[in-house]
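# below is the sequence, then the predicted model.
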Amino acid sequence: MPAAAIKLSIVIPAFNECMKVQGDIIAAAEFLTCSKLSGEIILVDDGSADATAAVATDALAKTGASGKVIRLESNRGKGCAVRTGITASCGEYILFADSGMCVPFSNALRGLDMLSLHHCDIANGSRRLKESVICCGTSHYRSFTSWMFRHMMPFIAGTPRRLSDTQCGFKMYRGTIGRELYSKCTCDGFMFDIEVILLAVRAKCRIAEFPVEWSSDYDSRLHPVRYLPRMIKEIVAIRREVSLAASR
C-alpha cells in the first residue's frame, strides 16, 4: 500500500509475547477492516527469547493486512520498541497499543475523531476519566502504586497536572508529530511516555485525553517497586535531556 494511502499505523511493542501477538494482529486487522480504515500494522519484537517474531510474522501473513514485523537483536526496552515502530510508520495517524489488548482497538475511533477534527495533536487514552470503563480491575497493590505515580509525576517529572493517566498503553498521534517527537526521544525504558509528553509540551503540541474500556493485564512486565530505582533514574535523565534541548 502506498504510504500516502495509509490512514492509520498501528504500532504494537512486544517482548516474549508469543502467546498474545497472534490475537493482537488478528484484532488489529479486523478493526481496520470493520472501520473501513486503510492502515498498516507494525509489531516490534524487542529482542524476545521466544517465538514472538515468528508467530507475529505468520499471523500478519494470514490476515493479509499491510504491515511488518521488526525484530530488535537485543532487548532494549519498551521505549526503544515503541520509538522504532513509530519512526518506521507511514500513516496519517498513529496508534501505539500495548500487546494483550487491555484496551480494545475499537476505542481508537474516539481518539481518531479528536485528531481528525483538529481538537488536539495527541490523543491519550485514560483509565481515570469518569466515562472510562474498567472491565477487570487490578490488585490493591498496583492500584496504590498507580495512584502514587499519578500524583507524584507532576512534581518529579514536570508533566501537566491536568493529564490524568500518563502511562496508559493506548495513545494516538498525528503522524508527522508522532514521528517528529519520537525521533527526538532517548529513553529506552518504561518512562518513555513521560519524555514524549515533555517534548510535546515544549513543542506546544495540544494533548487531550479520551476514555477507554480497560482490562488489567496480570502478565504485565512492569513491577513498580522492583523497577523504582531505574524509573527514577530515567526520569532524572529525561528532565535533563529535555532541558538541555530547550536551551540549545
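Sure, I can see it.

# strands paired with the helix or strand containing residue 124, and their directions?
Following DSSP states H and E, one finds residue 124 within strand 122-126. Strand pairing for strand 122-126, using DSSP bridges, gives strand 170-174 (antiparallel), strand 207-211 (parallel).

# residue 181 contacts residue 199, correct?
Yes. Between residue 181 and residue 199 there is a contact under Cβ atoms under 8 Å: 5.1 Å. For glycine as for every other residue, the C-beta is placed from the backbone atoms N, C-alpha and C.

# with just CA atoms, put the strand holding residue 124 into PDB.
Coordinates of each C-alpha in strand 122-126 appear next as PDB, following Å, rounded to 0.1, in the frame of the first residue of the first chain:
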ATOM      1  CA  ILE A 122      -2.000  13.900  20.600                       C
ATOM      2  CA  ALA A 123      -4.900  11.900  22.000                       C
ATOM      3  CA  ASN A 124      -4.000   9.800  25.000                       C
ATOM      4  CA  GLY A 125      -6.300   7.100  26.300                       C
ATOM      5  CA  SER A 126      -7.000   7.400  30.000                       C
END
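
# quick revisit: more neighbours: residue 181 and residue 199, which one.
Set side by side, residue 181 and residue 199 show more neighbours around residue 181, with 25 against 21, by other Cβ atoms under 10 Å.

# helix/strand/coil for that one?
Three-state call for residue 181 (DSSP: H, G, I helix; E, B strand; the rest coil): helix.

# then residue 54?
Secondary structure, three-state DSSP: residue 54 is helix.

# quick check on the most centrally placed residue in the chain: phi, psi?
Central residue of the chain (Cα atoms, centre = their mean): residue 96, 3.7 Å from the mean position. Per-residue torsions, residue 96: phi -100, psi 120 (degrees, to the nearest 10).

# pretty sure it contacts residue 169?
Yes. At 7.3 Å, residue 96 and residue 169 qualify as touching, with contact defined as Cβ under 8 Å.

# so which residues of this structure form helices?
21-34, 52-63, 78-87, 108-116, 140-156, 175-183, 192-202, 224-247 (DSSP state H).

# for the fifth one, give the mean pLDDT please.
Same thing as helix 140-156. Averaging pLDDT along helix 140-156 gives 63.

# and residue 100, what does it touch?
For residue 100, the contacting residues are 17, 20, 24, 217, 219, by Cβ atoms under 8 Å, 6 or more residues apart in numbering.

# before we move on, back to that, for the residue nearest to the centre of the chain, what are its contacts?
Residues in contact with residue 96 (Cβ under 8 Å, 6+ apart) are 11-13, 82, 85-86, 169-173.

# for it, list each beta-bridge partner.
When assigned by DSSP bridges, residue 96 has beta-bridge partners residue 11, residue 171.

# how far away is it from residue 51?
For residue 96, the distance to residue 51 equals 23 Å [Cβ to Cβ, to the nearest Å].

# just residue 65 next, same as before
20 Å.

# compare these two (neighbour count), which wins?
A direct count of neighbours by other Cβ under 10 Å for residue 65 and residue 51 places residue 65 higher, at 20 against 16.

# coming back round to it: now do the residue nearest to the centre of the chain against residue 54, distance only.
Separation of residue 96 from residue 54 (Cβ to Cβ): 23 Å.

# would you indicate which residues of stretch 47-57 are buried?
Across stretch 47-57, burial judged by 16 or more other Cβ atoms under 10 Å covers 47-48, 51-53, 55-57.

# which one among these gets closest to residue 238?
Residue 238 lies nearest to residue 47 out of the buried residues of stretch 47-57, by Cβ to Cβ, at 22.3 Å.

# between the strand holding residue 124 and helix 192-202, how many degrees?
Strand 122-126 runs at 140 degrees relative to helix 192-202, counting by axes from the mean of the first three to the mean of the last three Cα atoms, to 10 degrees.

# could you give the angle of strand 122-126 to helix 108-116?
Going by the same axes, to 10 degrees, strand 122-126 is angled at 150 degrees with respect to helix 108-116.
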